[in-house]
Every structure is written in C-alpha cells, then in structure tokens.
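Asks: how does the following fold in three dimensions:
(chains A and B)
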Number of protein chains: 2
Amino acid sequence: MREDLKLAQRQLEELGKEINLDEKVSEKFYAFNKSFQSILQKVDRLESLIEVSQIVNSTLQLKELLPLIMESTTRLMKAEASSLMLIDEGHFVFEVAIGEKKDEIKKIRLPITEGVAGWVAQNKQPISIKDVTLDPRFCKKIDKEIEFVTKSLLCVPLLIKDKIIGVVEALNKIGEEGFSQDDLELLQAMANQGAIAIENARLYEDLKDLFFNSIKALVTTIEAKDPYTRGHSERVMKYSQAIVSELNLPDDEKETIRLAGLLHDIGKIGISEAIIRKPDRLTDEEFAEIMKHPTIGAEIIKPIKQLQSVVPGVWQHHERYDGGGYPNRLKGEGISFLGRVLAVADTFDAMTSDRPYRKGLPHQRALEEIKEQSDRQFDPDIAEAFLKAYEDGLIIP
Amino acid sequence: MREDLKLAQRQLEELGKEINLDEKVSEKFYAFNKSFQSILQKVDRLESLIEVSQIVNSTLQLKELLPLIMESTTRLMKAEASSLMLIDEGHFVFEVAIGEKKDEIKKIRLPITEGVAGWVAQNKQPISIKDVTLDPRFCKKIDKEIEFVTKSLLCVPLLIKDKIIGVVEALNKIGEEGFSQDDLELLQAMANQGAIAIENARLYEDLKDLFFNSIKALVTTIEAKDPYTRGHSERVMKYSQAIVSELNLPDDEKETIRLAGLLHDIGKIGISEAIIRKPDRLTDEEFAEIMKHPTIGAEIIKPIKQLQSVVPGVWQHHERYDGGGYPNRLKGEGISFLGRVLAVADTFDAMTSDRPYRKGLPHQRALEEIKEQSDRQFDPDIAEAFLKAYEDGLIIP
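Replies: You can find the predicted model right below:
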C-alpha cells in the first residue's frame, strides 16, 4: 500500500482510539471504517489495473503478450497458477503457467463446450468456484495432463465488443480457501484490458501475415516463369532461417533473413525472359546480363524504408568470401552477414535442384562441396552453421 | 463519484456530527478527513486513467487515436482546449482540439526547440504555468494562428522508453485560475498511456506502409518490362480511389480498392513477354492469351486469406456492364462493385496512354467515351462518379 493510504489508515486508527465510544458513535465509526477499508482495497485494485494496462499494451507480439497476461494474473490474484485459452475454430487453445516454472507452459486443445471454460464462454459470464471437486462442470482431464491439482478456480470471459475470444483462469488462491468477489471483479477488469491488447496484437500479426504471404505469392509467381527454379526462393528462405537459428540470433534478425531469402532473386524480373528460360548453357554476354540481377534486386527494394536492412543481402548474395564473386568483388567480412548467409543457402539449393542441362546433386555431395568451399566461396562460420543445421534436420526442402 | 464513495463520504459526515468535538478529537478528525478527501480524488483519477487506457488502446489508427487522446485530455482536465504535438524530423507536428469544435483541428509545424513544448521536450519534464503572459518561454504565434487566447497551461512529455516522441498540452482550466498539481500528475499518467498507444499505432501503420510499398515496388517492376504500361497500375489505383471517394464509402473499402487497383493486372506476369511487349497489334490467339490475365491474377491472390475481398476486382475488371466482357461474360450487378470501378479506371488510363501503335487520346475525348459507354461498357452510377471526380480535379495521372 502506498504511503498516503497508510497515513490515512493510521490517522483513522488514532481517531478511533480518541473517540468517546458511546454506542451510537461507535456504530457510525464502524460503519464508516468498513466502507473505508473497501475503498483502500479499491485503490489497490485500480493501481494494479493501471499497472496491468501498461504491461499488456507494451507489446504487439502474441507470444510475448499471453505470458504477460498470465504472469499478471498469477501475481495479482495470488494464485498458484493461471491459464489463458483462446478460441480457434470451435476449440480452446490452452496455455498454462504454473507458478514460477515458465517452462511448464503447455499447449492443449479442448472443445469449446467443455469444462468450466465452456460454461463461461457459453454464458459470457465470470464464475468463481470454491471447490472444483464439487462442481460437475469441472474437467478433470486437464489437471491430469498438466500434472496439477485444481482446488479453487476463477474463470472470466475475454470479450471483444461482446464477442467471446477466450477465457482467463486463476487457479488455487494461495493461503485462502477460495477467491473473493473482489478478486473476481479485478480479474474481469484485467481480462477486459487483456482482450483489447490481444485484439491489437492479432491485427498486427494478421497484417504481418498478409505482408509475408503477398510477397511470397508474387515471388512464387515470378519464379513460375522458369519451371527449374520453382520454389527456389522459399527454400533459400527456409535454409537461411535454419542457419540463423543455429547461430542463436535475435528475433528481428530472423524476420530480416526471411525477407532477404524470399526477395534475394527478385532482380531476375529485370532480366529478359529469353535468358532466364534458356535451356542451354549461357553465353558470356548472357551471363553478364544474369550477373546484374543482385544489383537490380537491390534497386527495387531500396526505396522502401523498412526494407533497408534487406538490401545488402539481396545485393551481395553472389559475392564470395575469397573476393571472387559478383557484382562488387567484396571479400570476407566486407560482405554483409545476410549476404554470407544467403550465399550458402542459395548455392546449396542451386546444387541440389535439377537444371535443363544437368540433374541436381545428391545432398551428401552438395554438403561436401559446402565444406570444400568453406573459407573460399563461403564464410567458414556460416558454412559450419549450415552443416550443423543439416545434421540437426533443419534443412528440409 | 461512484455510489460506494458517496456512501463513505456521507458516513464520515455523520460520524463528524456525532463526535464530541473536544479539541484533540476534532484535530484528528480534520487531519483524517483531509487525507480521506485526497484518497477520494485519487480514486477518481485512477478510474479516469483506466477509462483513458481503454479508449486509447481501442484503435491502431493514428488519425483516430490522436483526437481520442485530445478529447480525453480536454474532458478530464476540464480544459478549454488541448493539443498534441508529435516530433517529426526536428519539428513538432501540431494538432489542436478547441472545445467541441472538432473541425478546428489544425496542423502546424514548429521547431522542436520553440515554446513551452520545446522546454518540456528538452528537459523531459512536465510543467504547469498559471499565466502564460508572464512566461517568456510561451510562443504567442500559435495562439494567433489558431485564434485562441491561452491563459493557463499544462504541458507533459510523451515518452517511450525515455525517448521523447512529443508533448500533450491542456489549455485554460475552466472555472479556475490554473491547473493543480493533481491535474499535472493525472495528465502525465494519461500521456504515459497515450505514448504506448501511439507507439503501437505507429508500428501498425509502419507495417501497413511496408506492405503497400512492397506491393507497389513489385508491381512497378513487373510493369517496367513493358515501357508502355509503366505506372499504369498506380494510376488505376488513384483513379479508383477517386471514384470511391466520390461515392463516400467507408475507409476499409478504400483500402480494398487501393489494393485491387495496384494488383488488377498482376496476372500479366503469367503471360509470355513476347506477347506483352509485342509492338504490333495482337493476333486473335495472342489476344486470347492476354484475356487470361484476370483469371491468372485472381489465382495468384486467392490463397491469401486477407486478400479475399480483392479477388473479385482483379478477376472482373474486364467484364462489361452489358455482359460483353471477359473472362466470364458477367453482366450488370453480377459484376462485383470493385470490378465495375476498376473497369472505368482501367479503361480511362488505357485510352489516355500512348501505345506503340497509337497516341493516347486527349482527356476530353476519353471522358466523352466514358459517358458514351455508360450503361454499355460501364455501370452508369460509377461512370458518373468518375466524371464527377474528374470535374472535382481528383483524376490526376
């Protein structure tokens, strides 16, 4: 409790002591004191809510947001655990946070009509149960699955404009028999804020999907003009992601590499179809044309502010670590990280894909070639990460 | 004030009346009463904050969000007006809301070092000024520009992780000489919530820009293969937007039409370059190939969930209102609204652009043709909306 509230509390106690306690005064004093205590609790609750509001609105990433909502629930409800279920195609998708053990968060699917959560979703009303063993709505199989024993339970709906999108539960009030009416009200108010934050995060992720899927659709269509490179960009994207995840890089690097993988050959739109689709080996002039595609690709995306970080990858994916690549004969660390990653991913896919004039290499041969070219065509650390990713089963065409 | 608080207030008054007011008791009673009144105000403030939190997080659109923040400021501060300034390239971009007159919101640019706002931005600290005429930091020219006389002023920073992104001001406390310390604290707390909401809205709009700009870059590049259609899709997008704004449609329709305009010819990727770039008139077979592009375009975007609403536009932009179009000889209202809009926009741009085998028509001739084809090639309402948009100066290539 904050200082100003504690002060008022002390002042009231002192006043109580001073008051000449005839029956009438004492009655009024106790009546007021009761109201006052509930106001203090209310202030506490309101401050918690504001704190929760700041926390839940601090991210637009669902995978960060859902744990934040559950942590706040566990902490403010003084509960042993909490769970959050979102409705997805007639099912609850279940996330559980048990106490401090964040690793115990598990995903479970549950029909939307089942359990206490089902009742809450159907009735769009919160519920408090002191002892779940006495309530036939309670669904025991989840306790079994997550190795937990539920005693008391609060369950409130997550509503967006009167539409139910899920429920939040607080499980087992610590040190008390069950949750209070105040707990229920606070949890519902928190859930209302959580629902808005979830809605915003979903809009954001939806837009992100739209963006990625649209780029993917256009790239795929452009590639489809050459049957021999069909799916190439998406594979390069996946291989590059695998390399990056071997290297344990942060999440925003992963998004950049996804885009760079998808877009690395986009400059081929600028090369004549006659050359792109030519079934025979290319002449020197034709090859000089093809060698323009990294630069053309970089030019295409350069005007887009948010794609600046992708430009070096697209531009440099044909540079070689030993300086013998194109278009700028860059060398070693002078080639951007993205360029060095894409070079390995791109080459592996090119080697293992069929061409009009040759069959693709078997994977083992291509892996040997990658090893062979380490420190020559490729950055040795990245070549190694690729080989490790292959061993770990992350390189799936 | 809510019922429970009013009740406590009454109870305390009654207690006060009963108490045998010897000096010592009375002193303690008044001390407590003072604390109690400030707690009541605190509850009020906290409830306002929670309300503001729900309001500001209810949208990810900046142009909806900023007025919401200002309305909340004016209302909760009991101010005559409020303003919000966001920092953009060393300047404040200024929005003002004067009382109920929302139309008076104006945009002004101001160097980031000027005025009270400049001081707040530099010091990252809130400020309360009882009489701005006595404060040399106050910048009079804005009052002049917005025809307003500022007397008292509250100005607080908008901070995101200690980085200043702007300031919020409340102007002229209604019925009082100036704002209180409590007002200042509440406004700062509101600004903290507002800043988070602004940050989220910016992330969302940034992603939206990225999406549109990427699509535009790819479409432009694809078009660049045929110098005679360079810029066509972007113009069709603009013309279609102009038609839609004549028809006063809601904002999400406008986004759909933007995308449909940009993407309407995307299916041309699927047509051989030899046909697309052919400088002479096409043979019947070649024209039959070209006629596939609406269907190919629809196929490309169909797999993308969020582009479902765009599919009919792309598919049907070559249908004719009288049923003589392609690929499906749809007729009248059987053609989607988007298809009927794109048909007019597309035809106008095709008529007015040069082709290898002919010069583009002058605008007036093309407008006559649109009128002529009303109820034949085109939906008459949409043809009319286009002509009106042209008159209104909205059709700018």
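Asks: residues from the stretch 201-350 of chain A in reach of chain B?
Replies: For the stretch 201-350 of chain A, the residues in contact with chain B (CB under 8 Å from any CB of the partner chain) are A:203-204, A:206-211, A:213-215, A:217-218, A:221-222, A:224-225, A:266, A:269-270, A:272-274, A:300-301, A:303-307. Heads up, the C-betas are built off the backbone N, CA and C, glycines and all.
Asks: so which of those residues are in strands?
Replies: Of those, none are assigned to strands by DSSP state E.
Asks: in ChimeraX, how would I select just the buried ones from those residues?
Replies: Burial among those is assessed by 16 or more other CB atoms under 10 Å in any protein chain shown; the matching ChimeraX selection reads:
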select /A:203,204,207,208,210,211,213,214,215,217,218,221,222,225,266,269,270,273,300,301,304,306,307
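Asks: counting only helices, which of the residues of the stretch 201-350 of chain A next to chain B make the cut?
Replies: Taking DSSP state H as the definition of helices, those contribute A:203-204, A:206-211, A:213-215, A:217-218, A:221-222, A:273-274, A:300-301.
Asks: in the stretch 1-150 of chain A, what spans have low per-residue confidence?
Replies: Confidence mapping of the stretch 1-150 of chain A against pLDDT under 70 gives the ranges A:1, A:20-21, A:99-107.
Asks: pull up the residues of it that are close to chain B.
Replies: A:4-5, A:7-8, A:11-12, A:14-15, A:18-20, A:24-25, A:28-29, A:31-32, A:35-36, A:38-40, A:42-43, A:46-47, A:49-50, A:53-54, A:57-58, A:60.
Asks: filter those down to just the ones in helices.
Replies: A:4-5, A:7-8, A:11-12, A:14-15, A:18, A:24-25, A:28-29, A:31-32, A:35-36, A:38-40, A:42-43, A:46-47, A:49-50, A:53-54.
Asks: of the residues you listed, keep whichever come out buried.
Replies: For these, buried by 16+ other CB under 10 Å: A:5, A:8, A:11-12, A:15, A:18, A:25, A:28-29, A:31-32, A:35-36, A:39-40, A:42-43, A:46-47, A:49-50, A:53.
Asks: what's the spacing between the residue nearest to A:V132 when sequence neighbours are not counted and chain B?
Replies: In space, and not counting its chain neighbours, A:V132 is closest to A:F138: 4.1 Å by CB to CB, 6 or more residues apart in numbering or on different chains. Computed with CB to the nearest CB, to the nearest Å, the distance linking A:F138 and chain B is 32 Å.
Asks: quick one, what contacts the residue lying closest to A:D206 once chain neighbours are set aside?
Replies: Nearest non-adjacent residue to A:D206, counting by CB to CB, 6+ apart: B:Q306, 6.5 Å away. Residues near B:Q306 by CB atoms under 8 Å, 6 or more residues apart in numbering or on different chains: A:D206, A:L207, A:D209, A:L210, A:N213.
Asks: right, and the residue nearest to A:V132 touches A:I129 too?
Replies: Yes. Using CB atoms under 8 Å as the test, A:F138 is close enough to A:I129 to be in contact (7.2 Å).
Asks: overlap in contacts of those two?
Replies: The contact lists of A:F138 and A:I129 share A:V116, A:L153, where a contact means CB under 8 Å, 6+ apart.
Asks: dump the contacts of B:Q306 to TSV, plus pLDDT.
Replies: Output for those, formatted as TSV (pLDDT from 0 to 100):
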residue	pLDDT
A:D206	94
A:L207	95
A:D209	93
A:L210	94
A:N213	93
